[in-house]
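Enquirer: got a structure for you, letters missing:
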């Protein structure tokens, strides 16, 4: 099932998006995998695991809705998130269990509408920097 079809189905439920909760990226901290793990793991497990720290990496997208509903995608995983993207899966699970936001909310729609192009570009850069730093990244 395409995630776009799933997004459409969620919209048809009739729960509104949070203001600032629009479809936006989330990031995780890709750390070095243990060399023993890399040597012993199946080639089908964690194909993107590396022996060096890579820092903030694109994990997927998230949309926040009222009533606490979230729509989350995982980049590069298909339906096998824990197998193909174990670090992003663990990051998501930690955020979910601890009830933390996966990604900071965007500026409110009312604020965005009033921005000039330069103000929007500045706000966009600042949001991306915030999304790629703790606490979002932890």
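Expert: That came through fine. Everything numeric here is computed off the predicted structure, so don't read it as measured data.
Enquirer: can you report phi and psi for residue 70?
Expert: Recorded main-chain torsions at residue 70 are phi -130, psi 140, according to degrees, to the nearest 10.
Enquirer: quick check: closest non-adjacent residue to residue 75.
Expert: Closest residue to residue 75 apart from its sequence neighbours, by CB to CB, 6 or more residues apart in numbering: residue 60 at 4.6 Å. For the C-beta atoms, the positions are set from N, CA and C on the backbone; glycine is no exception.
Enquirer: likewise for residue 41?
Expert: Taking CB to CB, 6+ apart, and ignoring the residues beside it in sequence, residue 41 has residue 49 as its nearest neighbour in space, at 7.4 Å.
Enquirer: the one you found: neighbouring residues, count only.
Expert: By the other CB atoms under 10 Å criterion, the neighbourhood of residue 49 contains 17 residues.
Enquirer: parallel or antiparallel, which strands does the host helix or strand of the residue nearest to residue 75 pair with?
Expert: For residue 60, the enclosing helix or strand under DSSP states H and E is strand 55-64. Strands adjacent to strand 55-64 in the sheet, as given by DSSP bridges, are strand 24-30 (antiparallel), strand 70-72 (antiparallel).
Enquirer: what about residue 64, how many residues close to it?
Expert: By other CB under 10 Å, the burial measure for residue 64, its neighbour count, is 22.
Enquirer: swap in residue 103?
Expert: Residues within reach of residue 103, counting by other CB under 10 Å, total 24.
Enquirer: so how far is the strand holding residue 60 from its chain's centroid?
Expert: Computed by CA atoms, centre = their mean, to the nearest Å, the separation of strand 55-64 from the middle of its chain amounts to 2 Å.
Enquirer: show me what counts as buried in it.
Expert: Of all the residues in strand 55-64, those buried under the rule 16 or more other CB atoms under 10 Å are 56-57, 59-64.
Enquirer: now stretch 10-25
Expert: Taking 16+ other CB under 10 Å as the basis for neighbour counts, the residues of stretch 10-25 that come out buried are 10, 17-21, 24-25.
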